[in-house]
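Asks: Task: produce atomic coordinates for the following.
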Amino acid sequence: MLAERTGLSIQHVGNIETGRKRARVDTLIKIADTLSVTVNLLLLGNCDSEIIAHVCEFAELLLNLDMDERDMILDAAIVAAYALQSEK
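Replies: As a prediction, the model looks like this:
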């Protein structure tokens, strides 16, 4: 769970996710580091919030994997995305 990994309370993370509270810069950095993403990704205004949520979920799945395992999952996701796009 993101709250546990960042050391933030569940309520605080929930408030940030729902927009009830704004995160300080140091909190954003802590969240981004925990999810192995950039702060820019967290702050992108032109990205659909559902996409950001999926990216965060994906990053959480990768946290306990080594680099080779992460690469394998990324390769599989790329293949799946191309296959889905070609069906359209």
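
Asks: which residues touch the residue nearest the centre of the chain?
Replies: In the chain, the residue lying closest to the centroid (C-alpha atoms, centre = their mean) is residue 56, at 1.8 Å. Residue 56 makes contact with 2, 35, 37, according to C-beta atoms under 8 Å, 6 or more residues apart in numbering. (C-beta placed from N, C-alpha, C; glycine too.)

Asks: residue ranges for the helices of this protein, please.
Replies: 2-6, 10-18, 25-35, 39-43, 49-62, 67-86 (DSSP state H).

Asks: mind putting those helices in JSON lines, mean pLDDT included?
Replies: Output for these, formatted as JSON lines (pLDDT from 0 to 100):
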{"stretch": "helix 2-6", "mean pLDDT": "87"}
{"stretch": "helix 10-18", "mean pLDDT": "88"}
{"stretch": "helix 25-35", "mean pLDDT": "89"}
{"stretch": "helix 39-43", "mean pLDDT": "78"}
{"stretch": "helix 49-62", "mean pLDDT": "77"}
{"stretch": "helix 67-86", "mean pLDDT": "93"}
